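Student: Sequence isn't available, so here's the structure alone:
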DNA sequence: ACTCTTCACTTGCAAATTGCAAGTTAACTT
DNA sequence: AAGTTAACTTGCAATTTGCAAGTGAAGAGT
């Protein structure tokens, strides 16, 4: 049948052996890290959820990115137990290992580009990096889909990070 | 004269207010962070140096990316004092603030993608994040162009990070 | 059992971006 | 004064992206 899988344009060039360059080969585009974010901090896992995630990714691009992330060992796809149509994409260990990077990206973005993230939340995360990462890892391990962060666009509710009232002492 | 500066395709879409998304609008491509890396840890600063940096960026793309980074306030261009042709690109505060992100990217890349970075070096950086970042900041402030990291491709020499023999106690 | 949705993708195509090679201009060097 | 170098443009072909409209299999509703 000779299936032709055209995933994410890796058109020859082996680039340099610099780890930064290698990492960017996989993640250096507009969408890949956004999908990782959706899985990591917003608890999304299906095609449909990513599609409605709010950034307006085209379905063909979404499909292509999911494939390249899977090919790169960052996400794993598993069929849903309750719905034969549905597929759940989940971060692998390699994928969840992007958490520190994601956190720094988030902090930098909030500090230096205009964003809807409240300053207090960013302050808190910046001062409790380890706790945030621990909580992120916990969610991943326990398959806890509760969003760690709100969506920031549609006047969402506040974060789950503040230990004030929440049950989890992060 | 109506100069038309076509910088880096930001073609309308205001995306979401998520800080991660905003950060990726500026940095989410194959080249931008590579240029930041060149400036941050390899001490490069001129067009020519970036061009010969080893990743094979095309000159028109390089030009376009430098413009977008400048427009985004991440780098600043200043004419060379000694050579009227030459322009030095230097990270701004906003740019050097990407250091933690860059470090995590480097660590992740080295750990999870094949790279030429020696494990010992990565171990060291991972355990001394704060020191590495402090040294990076110092270099930036003092305009010290000595590479913090080697080029990893052409069998370069080892890092400047190891305090064993180096003068700087990081 | 039959129809209507929903889910996860494809496909076709136009528009935008990228990469390559070949200029161009002003500033050194000899 | 001629040649070289730095920093870019320009033209154009090859990719890649984005949009709209399918497709096929699995569930839901009746």
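Tutor: Cool, got the structure. Given the structure is predicted, the values throughout are model-derived calculations rather than measurements.

Student: okay, CA-based contacts and neighbour counts for the rest of this
Tutor: Fine.

Student: What is the distance between stretch A:69-78 and the centre of its chain?
Tutor: Computed by Cα atoms, centre = their mean, to the nearest Å, the separation of stretch A:69-78 from the middle of its chain amounts to 12 Å.

Student: isn't there a helix covering residue A:26?
Tutor: Yes - under DSSP: H, G, I helix; E, B strand; the rest coil, residue A:26 falls within a helix.

Student: for it, what are its contacts?
Tutor: Going by Cα atoms under 8 Å, 6 or more residues apart in numbering or on different chains, residue A:26 touches A:68, A:69, A:72.

Student: Any regions of chain A where pLDDT drops low?
Tutor: Applying pLDDT under 70 to chain A flags the ranges A:1-15, A:153-170.

Student: Buried ones among the contacts of residue A:26?
Tutor: A:68, A:69, A:72 (16 or more other Cα atoms under 10 Å in any protein chain shown).

Student: For residue A:20, state which of the residues you listed is nearest.
Tutor: residue A:72 (15.5 Å; Cα to Cα).

Student: what's stretch A:79-90 in contact with?
Tutor: So stretch A:79-90 is contacted by A:39, A:45, A:46, A:47, A:75, A:76, A:77, A:78 (Cα under 8 Å, 6+ apart).

Student: could these go into TSV alongside secondary structure and neighbour count?
Tutor: As requested, the contacts of stretch A:79-90 are exported to TSV (DSSP: H, G, I helix; E, B strand; the rest coil; neighbours: other Cα atoms under 10 Å in any protein chain shown):
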residue	secondary structure	neighbour count
A:39	helix	24
A:45	coil	21
A:46	coil	17
A:47	helix	17
A:75	strand	24
A:76	strand	19
A:77	strand	16
A:78	strand	11
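
Student: Can you tell me which of those is nearest DNA strand D?
Tutor: Taking Cα to the nearest atom of the strand as the measure, DNA strand D lies nearest residue A:47 of the contacts of stretch A:79-90, at 11.6 Å.

Student: Closest one to residue B:144 out of the buried ones among the contacts of residue A:26, please.
Tutor: When the buried ones among the contacts of residue A:26 are compared against residue B:144 (criterion: Cα to Cα), the nearest one is residue A:72, at 36.7 Å.

Student: so residue A:37 touches residue A:100, yeah?
Tutor: No - the criterion here is Cα atoms under 8 Å, and residue A:37 misses it with residue A:100 at 11.6 Å.

Student: Am I right that residue A:16 is in contact with residue B:54?
Tutor: Yes - Residue A:16 is within contact range of residue B:54, at 6.5 Å (criterion: Cα under 8 Å).

Student: more neighbours, those two?
Tutor: residue A:16 (19 against 16; other Cα atoms under 10 Å in any protein chain shown).

Student: and that one, that one's in a strand?
Tutor: No - under three-state DSSP, residue A:16 sits outside any strand and is assigned coil.

Student: What residues does chain A have near DNA strand C?
Tutor: Within chain A, the positions near DNA strand C by Cα under 7 Å from any atom of the strand are A:46, A:47, A:48, A:49, A:59, A:60, A:63, A:64, A:85, A:86, A:87, A:88.

Student: Tell me how many other residues surround the third one.
Tutor: Other residues near residue A:48 come to 13 when the count uses other Cα under 10 Å.

Student: Contact partners for it?
Tutor: Neighbours of residue A:48 in contact, by Cα under 8 Å, 6+ apart: none.

Student: Tell me the secondary structure at it.
Tutor: Quick answer, by three-state DSSP: residue A:48 is helix.

Student: measure it to residue A:88 for me?
Tutor: For residue A:48, the distance to residue A:88 (Cα to Cα, to the nearest Å) stands at 10 Å.

Student: Please apply the same query to the fifth one.
Tutor: Residue A:59 sits 16 Å away from residue A:88, going by Cα to Cα.

Student: what does the second one give?
Tutor: Between residue A:47 and residue A:88 the distance is 8 Å, computed by Cα to Cα.

Student: right, and residue A:105 touches residue B:99 too?
Tutor: No - Residue A:105 is beyond contact range of residue B:99, at 10.5 Å (criterion: Cα under 8 Å).
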